[in-house]
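J.: below are the sequence and a predicted model for it; my questions follow.
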Amino acid sequence: MSQIAIDNSLGQDTSALLETAQRLSKDNPEQALALAHEILVKDSELTAQTLLLIGQIHYQAAQLDMALSFFERALDYFEKKNDSGLTLETLLSLGRTHRDLGNFDKAAESFLQSLYLA
């Protein structure tokens, strides 16, 4: 997806843009990140889901510190919205990231919090 395609897609519904970014995340992470950042600017309702997606893209790219930062920001939003499903998903992502970074106490804490929601 070129910059022109991204610019043209901004006229679309932002939830459709989020779906596009999710599809791009595995094959074209840089383009998915560019689109996700555009969504952050355009639609505050999708902020938390977009932060989670950006964290997942960084996790897949083994940029664990960046992933952790985005997961933590997304978690704040999901907890404030009382969205237990996405809070659970984010806690699991945080747990995996902490585990991969060797932060085993923090990983256990995240996994235990997710158990309380499940």
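T.: Good, I have the coordinates. Numbering: from 1, shown residues only.

J.: how near is Tyr77 to Asp43?
T.: Per CB to CB, to the nearest Å, Tyr77 is found 13 Å from Asp43. C-betas here are computed from N, CA, C, even on glycine.

J.: so which of the two has more stuff around it?
T.: Neighbour tally, Tyr77 and Asp43, criterion other CB atoms under 10 Å: the higher count belongs to Tyr77, 19 against 16.

J.: now the more buried one: how far from Ser69?
T.: 14 Å.

J.: what's the answer for Leu92, then?
T.: 17 Å.

J.: how about Thr90?
T.: With CB to CB as the criterion, Thr90 and Ser69 are 13 Å apart.

J.: what's the overlap in contacts for those two?
T.: Residues touching both Thr90 and Ser69 (CB atoms under 8 Å, 6 or more residues apart in numbering) are Gly55.

J.: looking at the two, which is more packed in?
T.: Thr90 (29 against 16).

J.: now that one, what's its secondary structure?
T.: Per DSSP: H, G, I helix; E, B strand; the rest coil, the local secondary structure of Thr90 is helix.
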